[in-house]
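Q: just a sequence and a predicted model for now, questions to come.
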Amino acid sequence: QVQLVESGGGLVQAGDSLRLSCVASGRTASTSTLAWFRQVPGKEREFVAAISWSSVNVNYADSVQGRFTISRDNAKNTMYLQMNSLKPEDTAVYYCAAKVRGRVGPYVYDYWGQGTQVTVSS
């Protein structure tokens, strides 16, 4: 099992920045790609960004491309999401997720954190 714990959420104004962190524990060696998703009440969970184990491959949702940066520090079992130029439509609960090595499917993840709330006021 792998446990994921997010932190760094909060209430900010439009145009501000936030940095989310996700710390993994447990059988982290069994995982590869990590990702961030977000969800607004009443809507489906939405993909935000993903990063491979080596950090060579990263991809972003169009809605955050150029504003958000995903990164990871494997030595610390930690993933980050630097969010700049935040907009009210970025308001959501942000979840980190981990994919077991060999798992097929771009949006199929095996482990999830509990989420951290990000609220952007206009």
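A: Perfect, thanks for sending it.

Q: low-confidence ranges in this protein?
A: For the chain, no stretch is flagged by pLDDT under 70.

Q: which stretches of it form strands?
A: 2-7, 10-13, 18-26, 31-39, 46-51, 58-60, 68-73, 78-83, 92-100, 111-112, 116-121 (DSSP state E).

Q: now stretch 87-97: buried residues?
A: Neighbour counts using 16 or more other Cβ atoms under 10 Å place 90-97 of stretch 87-97 among the buried residues. Every C-beta, even on glycine, is put in place using the N, C-alpha and C of the backbone.

Q: kindly apply the preceding question to stretch 60-70 instead.
A: For stretch 60-70, by 16+ other Cβ under 10 Å, it's 60, 64, 68-70.

Q: okay, now it: how far is its last residue from its first?
A: Taking Cα to Cα, to the nearest Å, stretch 60-70 runs 9 Å from one end to the other.

Q: now that stretch: how far from the chain's centre is it?
A: The chain centre lies 11 Å from the centre of stretch 60-70; the measure is Cα atoms, centre = their mean, to the nearest Å.

Q: so residue 79 bridges to which residues?
A: residue 22, residue 72 (DSSP bridges).

Q: and it, how far from residue 8?
A: 11 Å (Cβ to Cβ, to the nearest Å).

Q: between these two, which contacts overlap?
A: Shared contacts of residue 79 and residue 8 (Cβ atoms under 8 Å, 6 or more residues apart in numbering): residue 21.

Q: between these two, tell me which one has more neighbours.
A: Neighbours were counted for residue 79 and for residue 8 using other Cβ atoms under 10 Å; residue 79 has more, 27 against 16.

Q: and the residue nearest the centre of the chain, what does it touch?
A: Centrality entry for the chain: nearest residue to the mean C-alpha point is residue 36, 2.1 Å, by Cα atoms, centre = their mean. By Cβ under 8 Å, 6+ apart, the contact list for residue 36 reads 20, 22, 48-50, 70, 79, 81, 94-97.
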